[in-house]
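**Student:** my questions concern the predicted model and sequence given below.
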Amino acid sequence: MTEARRFLVSGRVQGVGFRAATRGVARELGLSGHAINLPDGRVEVVAEGPVPALDALQAWLGRGPLPARVDGLTAERIPATGREGFRTG
């Protein structure tokens, strides 16, 4: 089953390679979507693909890469769009 989720990640997640690392993990998991910095200091990650892969990404987002520090993570299901590839912006 395929679905899409929107994640909001807060903490020390900008300027530490968080988006690039997220892109790498998402691609390894076969997910499409994006990771972008938000003006309020959070990172928005939208990902689409198989539920087990989304669950794995969600678990990884809760930790993030070093030297990031994740203080909060929210997730919500959103409509799938059939997008392809994973980008950072």
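**Tutor:** Nice, I can see it.
**Student:** buried stuff in stretch 74-89?
**Tutor:** For stretch 74-89, burial by neighbour count (16 or more other Cβ atoms under 10 Å) applies to Ala75, Arg83, Phe86, Thr88. The way it works is simple: take the backbone N, C-alpha and C, and place the C-beta from them, glycine included.
**Student:** what do you get for stretch 11-23?
**Tutor:** Gly11, Val13, Gln14, Val16, Phe18, Arg19, Ala21, Thr22, Arg23.
**Student:** on that earlier part again, need the max-distance pair from the buried residues of stretch 74-89.
**Tutor:** Ala75 and Thr88 (18.9 Å; Cβ to Cβ).
**Student:** what sits closest to the residue nearest to the spatial centre of the chain if chain neighbours are left out?
**Tutor:** The centroid of the chain falls nearest to Val45 when counting by Cα atoms, centre = their mean (3.5 Å). For Val45, ignoring the flanking residues on the chain, the nearest one in space by Cβ to Cβ, 6 or more residues apart in numbering is Phe7 at 4.2 Å.
**Student:** note down every partner strand of the host helix or strand of that neighbour and its orientation.
**Tutor:** In this assignment (DSSP states H and E), Phe7 forms part of strand 2-12. When sheet partners are counted by DSSP bridges, strand 2-12 sits next to strand 43-50 (antiparallel), strand 69-78 (antiparallel).
**Student:** residues in contact with the shortest one?
**Tutor:** The list of residues contacting strand 43-50 from outside it, by Cβ atoms under 8 Å, 6 or more residues apart in numbering, reads 1-9, 13-14, 18-19, 22, 26, 29-38, 54, 57, 61, 78, 80-83, 86.
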